[in-house]
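1. predicted model follows, preceded by the sequence.
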Amino acid sequence: MDITRLWKNTQEELKIVLAPAVFQTFVSKTELISYQNNLATLACPNSYLVDMNRKRYYQIFKNALDNQTKTDNTLEFIIQEPITTDTPPSSPLFEYIPQKTTSNHNLHPKYTFDTLIVGNSNNFAYAAAQGIVKNPGSTYNPFFIWGGVGVGKTHLMQAIGHELLKNNPDFKIKYFPAETFSNELISALKSKNMNQFKDKYRNLDCILVDDIQFIAGKEYIQQEFFHTFNALHMNGKQVILTSDRKPSEIDHLEDRLVSRFMGGLTVDIQLPDYEMRIAIINQRAKEQGVSITPEATAFLANNVESNIREIEGKFQQITMQALSQKVGEIEIDFVQHFLDPSHSSSSVFNNLSSKINPRHIISVCAKNFNIKTSDLTGKSRKKELVLARHITAYLLLNEINLPLEEVGRLLGGRDHTSIMHARDKISNDFSTNSQIRQVINQIKASF
């Protein structure tokens with residue numbers, strides 16, 4: 001068997017099931033150097049990779065290799081340092097190899113507009129980003145993006161960077177976490193290289209700074225960042241920042257920095273709504289070449305109502321499990337069992353589905369809000385009925401995937417735009433309002 005071809009095919013399969021960063025770190029630096037009697041010897045350049053591949057990724061490597069060879073294999077990881085040459089750097093050999101400078105921007109190749117899912121939670125931020133791409137340094141400068149963990153702030157920021165480079169190849173762009181700025185500043189002070197540090201950050205066309213809240217409370221670092229910000233901004237250079245809070249809510253952040261950060265455009269990104277979660281799952285399935293039924297997609301979107309990172313993580317885990325079990329198409333039973341192994345049989349879900357019908361949901365909602373079912377489904381627009389009706393519409397759409405028109409008919413003959421408004425409002429409230437989340441979870445527990 002041609003082990004070069006075998007390893008290349010195995011790597012292609014591993015690309016599907018692993019995140020790009022994991023693949024780059026653990027797979028791309030590992031080589032298949034021997035394959036005999038179903039024993040695969042895999043070489044890593046250092047003991048760290050050997051240890052991690054043995055402990056964390058052994059089964060993933062094995063599943064991919066087993067799929068390629070159609071046999072049950074055993075894997076052995078060994079250390080084999082990369083071959084080096086004694087040729088001095090000034091030799092023609094080294095001069096012949098072109099040096100890549102584009103990596104200086106630190107942008108992740110995956111974080112582009114092509115892979116960004118746009119929905120209700122981030123469409124305003126996305127529109128602003130398009131304006132920046134057209135007029136960097138003048139439109140929305142600085143651009144401050146804030147929101148919770150895993151909502152896509154870094155992705156949007158880096159997508160702007162990629163697009164700016166595409167339109168302006170000579171642009172000097174750098175992405176860096178605020179913590180990196182802090183660490184390099186401290187290092188520059190110790191080594192007395194402050195002029196070099198200032199040149200590095202103040203001669204750029206665009207800076208993309210992640211988690212700027214980490215400079216709060218650090219007086220000298222805030223002072224240096226203030227001067228860096230001013231140097232760039234006064235010269236018409238683009239500044240883009242992210243944080244988990246809006247500037248005015250970052251404790252121990254100097255007033256002059258708060259003022260500078262709010263001098264451009266400040267936007268927030270919320271947790272993804274149901275439609276956006278569906279789109280995220282469908283896109284990741286397409287990227288990984290995975291087949292998943294619409295019912296399974298809807299079930300997963302309904303049951304992972306968190307941030308983008310968690311949705312992608314859950315889908316990645318489901319994909320890996322499906323691959324290891326040689327599942328052709330991921331169906332709803334498979335997803336349900338993955339999320340809750342105690343409900344292993346499809347009959348459990350079917351029995352639950354038969355119980356949860358529109359009338360049952362309406363009845364439970366009415367009881368929870370202590371109102372009459374006839375009032376909930378009537379035409380009255382009394383204030384005390386609005387929240388109950390909105391939550392009922394949300395549950396009818398999300399729990400049993402009822403069409404908008406049907407939900408409108410059941411709730412007093414309302415048009416589909418009213419139902420869409422109710423769904424979107426409650427989706428947003430579920431992400432941001434703990435009381436609403438508690439009410440909805442309490443109602444769902446009564447099903």
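-> Now that the structure is in, tell me what you want to look at.
2. now the strands for the protein?
-> Taking DSSP state E to define them, one finds strands in the chain at 31-36, 39-44, 74-79, 143-147, 173-177, 206-210, 238-243, 265-269, 291-292, 329-330.
3. isn't Arg260 right up against Phe229?
-> Yes - with contact defined as C-beta atoms under 8 Å, Arg260 reaches Phe229; the gap is 5.7 Å. From N, CA and C alone the C-beta is placed, and that goes for glycine too.
4. got any residues that touch both of these two?
-> Here Arg260 and Phe229 have Pro142 as joint contacts, going by C-beta atoms under 8 Å, 6 or more residues apart in numbering.
5. ok, the nearest residue to Gln316 once chain neighbours are set aside to Gln317 distance?
-> Of all residues not flanking Gln316 in the chain, Ala19 sits nearest, at 6.8 Å (C-beta to C-beta, 6 or more residues apart in numbering). Per C-beta to C-beta, to the nearest Å, Ala19 is found 11 Å from Gln317.
6. need the pLDDT of His227.
-> Turning to His227, the model gives it a pLDDT of 96.
7. tell me the phi and psi of the closest residue to Leu387 other than its chain neighbours?
-> Leaving aside its chain neighbours, Leu387 sits nearest to Phe369 (7.7 Å; criterion: C-beta to C-beta, 6+ apart). Backbone torsions of Phe369, given as degrees, to the nearest 10, read phi -90, psi 0.
8. and the spatially closest residue to Val364 that is not a sequence neighbour, how many neighbours?
-> Among residues not flanking Val364 along the chain, Ser446 sits closest, at 5.0 Å (C-beta to C-beta, 6+ apart). Neighbour count of Ser446, defined by other C-beta atoms under 10 Å: 13.
9. tell me how far the closest residue to Leu271 other than its chain neighbours lies from Ala129.
-> Spatial nearest neighbour of Leu271, chain neighbours left out: Ser431 (3.6 Å); criterion: C-beta to C-beta, 6+ apart. Per C-beta to C-beta, Ser431 is found 21 Å from Ala129.
10. repeat that for Thr180.
-> Computed with C-beta to C-beta, the distance linking Thr180 and Ala129 is 23 Å.
11. next one: Lys55
-> 40 Å.
12. try Ile440
-> Using C-beta to C-beta, Ile440 is found at 32 Å from Ala129.
13. list the contacts of Val290.
-> Val290 is in contact with 16, 284, 319, 322, 330, counting by C-beta under 8 Å, 6+ apart.
14. any stretches of the protein with poor pLDDT?
-> Low-confidence segments of the chain, defined by pLDDT under 70: 1, 21, 81-103, 341-355.
15. what separates the residue nearest in space to the middle of it from Glu287, distance-wise?
-> Closest to where the C-alpha atoms of the chain average out (C-alpha atoms, centre = their mean) is Arg309, at 3.7 Å. Applying C-beta to C-beta, the value for Arg309 to Glu287 is 16 Å.
16. what does Thr41 give?
-> With distances taken as C-beta to C-beta, Thr41 is found 31 Å from Glu287.
17. check Pro403 too.
-> As judged by C-beta to C-beta, Pro403 and Glu287 stand 29 Å apart.
18. need the CA coordinates for stretch 270-285. CSV is fine.
-> What follows is stretch 270-285, C-alpha atoms only, in CSV (Å, rounded to 0.1, in the frame of the first residue of the first chain):
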residue,chain,number,x,y,z
GLN,A,270,-26.5,39.3,20.3
LEU,A,271,-26.8,35.6,20.6
PRO,A,272,-28.0,34.0,17.3
ASP,A,273,-31.7,33.5,16.9
TYR,A,274,-33.4,30.3,15.7
GLU,A,275,-33.0,31.0,11.9
MET,A,276,-29.4,31.9,12.4
ARG,A,277,-28.7,28.8,14.3
ILE,A,278,-30.2,26.8,11.5
ALA,A,279,-28.0,28.6,9.0
ILE,A,280,-24.9,28.0,11.0
ILE,A,281,-25.6,24.2,11.3
ASN,A,282,-26.4,24.0,7.5
GLN,A,283,-23.2,25.9,6.6
ARG,A,284,-21.0,23.8,8.8
ALA,A,285,-22.6,20.6,7.4
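19. pull out the buried positions in it.
-> By neighbour count with 16 or more other C-beta atoms under 10 Å, stretch 270-285 contains the buried residues 270-281, 284-285.
20. residues touching the residue nearest to the centre of the chain, list them.
-> So Arg309 contacts 149-150 (C-beta under 8 Å, 6+ apart).
21. what about 6 Å?
-> The neighbours of Arg309, taking C-beta atoms under 6 Å, 6 or more residues apart in numbering as the test, are Gly150.
22. could you check which of Thr41 and Glu287 is surrounded by more residues?
-> Set Thr41 next to Glu287 and count neighbours by other C-beta under 10 Å: Thr41 wins out with 17 against 11.
23. looking at it, that one is touching Ser34, isn't it?
-> Yes - using C-beta atoms under 6 Å as the test, Thr41 is close enough to Ser34 to be in contact (4.0 Å).
24. neighbours around Asn193, how many?
-> 14.
25. the nearest residue to it once chain neighbours are set aside: neighbour count?
-> Once flanking residues are discounted, Asn193 sits nearest to Ser187: 7.9 Å by C-beta to C-beta, 6+ apart. Counted with other C-beta under 10 Å, the neighbours of Ser187 add up to 11.
26. Ile361 too?
-> Number of residues near Ile361 (other C-beta under 10 Å) recorded here: 23.
27. now it. Nearest residue, chain neighbours left out?
-> Nearest residue to Ile361 in three dimensions, chain neighbours excluded: Leu395, at 5.3 Å (C-beta to C-beta, 6+ apart).
28. wait, that neighbour sits on Ile362?
-> No - applying C-beta under 6 Å as the test, Leu395 and Ile362 come out as separate, 9.0 Å apart.
29. who has more neighbours, the two?
-> Leu395 (24 against 20).
30. returning to what we had before: can you select the buried ones from the contacts of Val290 in PyMOL?
-> With 16+ other C-beta under 10 Å as the burial test, the buried ones among the contacts of Val290 are selected in PyMOL as follows:
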select buried, resi 284+319+322+330
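31. from the contacts of Val290, pick the one nearest Asn123.
-> If you rank the contacts of Val290 by distance to Asn123 using C-beta to C-beta, Arg284 comes first, at 19.9 Å.
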